[in-house]
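sequence first, predicted coordinates after that:
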Amino acid sequence: MSSIPNADPAPLATAVRHAFGWSIAMAVLLVLAGMAALIVPFVSGIALTITIGWFFCVAGIFHFLFAWKVHFTSGIFWELLIGFLYVFSGLYLIFHPIAGLASLTLFLAAYFLFKGIVEIIQFFQLQPRHGSWWLLFDGIISLLLAVLIWKSWPSSTVWVVGTLVGISLLFTGFSRLMLTLTAKRILTA
């Protein structure tokens, strides 16, 4: 009988340490980005609006490119129409970021609502594991942010987007850091 040699655990340990390092670095960057957004909420709200505008433009260009790959007329028409809508929406957000900020506020409320629900579901799926309550914490914070945005719209959209994104980034980074440190402690014990 041939025996299968045991795999050397050193590469696996190195990969795990590397993953923990990246996860901690990402958490710290999220916390720093959250603090920056809280310090200058108007600037971060405008920057977010312009960034989303650029993402829409890129998505529109991809739809235009995909239209050339579609082999039936109605598909080409719909791809071009969707591409045009993306590019038009993106350019509107880029050239009118303050006006775009008001509509972006409603999208942000929907994002926080969805994010909060997903993280609470993940908590219940991971509940017996150590540190899973951080997902519940982050989910509850996200749901509270969704309610705050909805209640203050449209009067405070100039500052609320940057502030709430900053709070979300701060808590997401903190939760990620705590979850990573808990996982590291469990795996090294």
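Yep, it's here.

name the element His71 belongs to?
Under DSSP states H and E, no helix or strand contains His71.

got it, and Ile76?
helix 73-95.

right, and the helix or strand after that helix?
Next along the chain after helix 73-95, taking DSSP H and E as the criterion, comes helix 97-126.

what sits against Phe62?
By CB atoms under 8 Å, 6 or more residues apart in numbering, the contact list for Phe62 reads Gly83. Every C-beta, even on glycine, is put in place using the N, C-alpha and C of the backbone.

what score does it have for pLDDT?
Listed pLDDT for Phe62 reads 92.

tell me what angle the one helix or strand it maps to forms with helix 73-95.
Element membership for Phe62, per DSSP H and E: helix 41-67. Angle between the axes of helix 41-67 and helix 73-95 is 160 degrees (criterion: axes from the mean of the first three to the mean of the last three CA atoms, to 10 degrees).

gap between the helix holding Ile76 and the chain center?
Centroid separation for helix 73-95 versus its chain: 24 Å, with CA atoms, centre = their mean, to the nearest Å.

what do you get for stretch 40-50?
16 Å.

what ranges of this structure fall below the confidence cut-off?
Where the chain drops to pLDDT under 70, the residues are 1-13, 189.

now with 80?
Scanning the chain for pLDDT under 80 picks out 1-18, 70-75, 108, 126-132, 152-158, 160, 164, 186-189.
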